[in-house]
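S.K.: With the sequence up front, the predicted model follows.
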Amino acid sequence: MAQFNVAELFKQTRRKLKLNWVAGLDGGSNTLTSETVTKPSLALIGHLNFVHPNRVQVLGCAEMDYLTSLPSADAERAINNLFSTDLAAVIVANGENVLDILLAAANQHNVPLFTSTLRSPELMDILSHFLAQAMAETISVHGVFMEVQGFGVLLKGEAAIGKSELALELISRGHRLIADDIVDFFRISPERIEGRCPPLLEDFLEVRGLGILNIRALFGDNAVKPTKPLDLIIQLEKADLQTLQMLDRLSIKTQHEEVLGLKVTKVHIPIAAGRNIAVLVEVAVRNHMLLLRGVNATKQFMQRQQRAMKQHK
């Protein structure tokens, strides 16, 4: 899992979460190691085993009402108990007034203390989603990532095999570019991997002989997309006539490639003179759709063949 510090969190979410950094200004380098955002209700009454280190803690109406109801000595003790754990940051939500002892504890322990006018459930929901994206396990892969008929398709193959030219033809047929050359993949949930384009390469596609093309400027905003879940990998392989003749034409076993610990369906397409690769990619995606619905053309053909042989006998 990727790590993320509190200063970067504040920079990227302060407008959306309406954050104001009020104390603990020296704690910006505190590292977040979990996307989980919690409310430390039980910790305030002494159950510190419920506070996990290096997380964001949110104080809502219930927590602040509890603190203000305590005598000052007990409130100070509860706050010191909370800050005795390794907190990454604390957010006081709902526009609640911040107690002076809370400000003092944040400064003493170098824990960033933010305030927000958002309601705590909404704040926690937005923040959890942001952290899940920002801290997801990641890997960079060489290839071209496209949206083809609504599916995220990674085109792979050795250098100069024609991945970018294929991508250009697919774009001209109405499909969309996510990333060329380098794709950053993030495992944002147990069953989902999302592909994104590195900021430096957004909108650009390099085609040998034409140079670097700005796809957004050439084809419009609908020709590009910032992110897409990975659904299918297509491996392009050079092949001659003899290789094509030796291929297993009735292969029914689905192939997979592991990406960030998740198996992704993989299709091999041989590249040879006269083959329309863009059409083959489109059909591979359509066939993948059918397989997801349980429709396997090869199995259907073999079953029909077996029935015909029985009738002939």
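M.R.: Yep, that arrived. Numbering: from 1, shown residues only.

S.K.: so Asp86 touches Arg55, yeah?
M.R.: No - at 9.0 Å, Asp86 does not count as touching Arg55 under the criterion of Cβ atoms under 8 Å. Yep, even glycine has a C-beta here, placed from its N, CA and C like the rest.

S.K.: Who has more neighbours out of those two?
M.R.: Neighbour count, other Cβ atoms under 10 Å: between Asp86 and Arg55, Arg55 has more, with 21 against 15.

S.K.: shared neighbours, Asp86 and Arg55?
M.R.: Counting by Cβ atoms under 8 Å, 6 or more residues apart in numbering, no residue touches both Asp86 and Arg55.

S.K.: Quick one: residues contacting Ile182.
M.R.: Ser140, Val141, His142, Pro198, Leu201.

S.K.: So it, which state does it fall into?
M.R.: Secondary structure for Ile182, judged by DSSP: H, G, I helix; E, B strand; the rest coil, is strand.

S.K.: Who does it form a beta bridge with?
M.R.: For Ile182, the beta-bridge partners are His142 (DSSP bridges).

S.K.: Trp21 - that's part of a strand, no?
M.R.: Yes - under three-state DSSP, Trp21 falls within a strand.

S.K.: about what we covered before: of all the contacts of Ile182, which comes closest to Gly27?
M.R.: Pro198 (29.7 Å; Cβ to Cβ).

S.K.: Can you report how many residues neighbour that closest one?
M.R.: Count around Pro198 with other Cβ under 10 Å applied: 12.

S.K.: what residues are up against it?
M.R.: Contact analysis of Pro198 by Cβ under 8 Å, 6+ apart lists Ser140, Ala179, Ile182, Asp184.

S.K.: could I have the helix or strand harbouring the second one exported to CSV, CA atoms only?
M.R.: Read it as Ala179. Using DSSP states H and E, Ala179 sits in strand 176-189. Only the C-alpha atoms of strand 176-189 are listed here, as CSV (Å, rounded to 0.1, in the frame of the first residue of the first chain):
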residue,chain,number,x,y,z
ARG,A,176,-11.1,6.4,-26.3
LEU,A,177,-7.5,6.8,-25.2
ILE,A,178,-6.5,6.6,-21.5
ALA,A,179,-2.7,6.3,-21.7
ASP,A,180,0.0,5.7,-24.2
ASP,A,181,3.4,4.1,-23.4
ILE,A,182,3.1,4.1,-19.6
VAL,A,183,0.0,3.2,-17.6
ASP,A,184,-0.3,3.5,-13.8
PHE,A,185,-2.5,0.8,-12.3
PHE,A,186,-4.0,1.1,-8.9
ARG,A,187,-5.8,-1.7,-6.9
ILE,A,188,-8.6,0.4,-5.5
SER,A,189,-10.7,-2.5,-4.1
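
S.K.: Following element in sequence after it, please.
M.R.: Assigned by DSSP H and E, the successor of strand 176-189 is strand 192-196.
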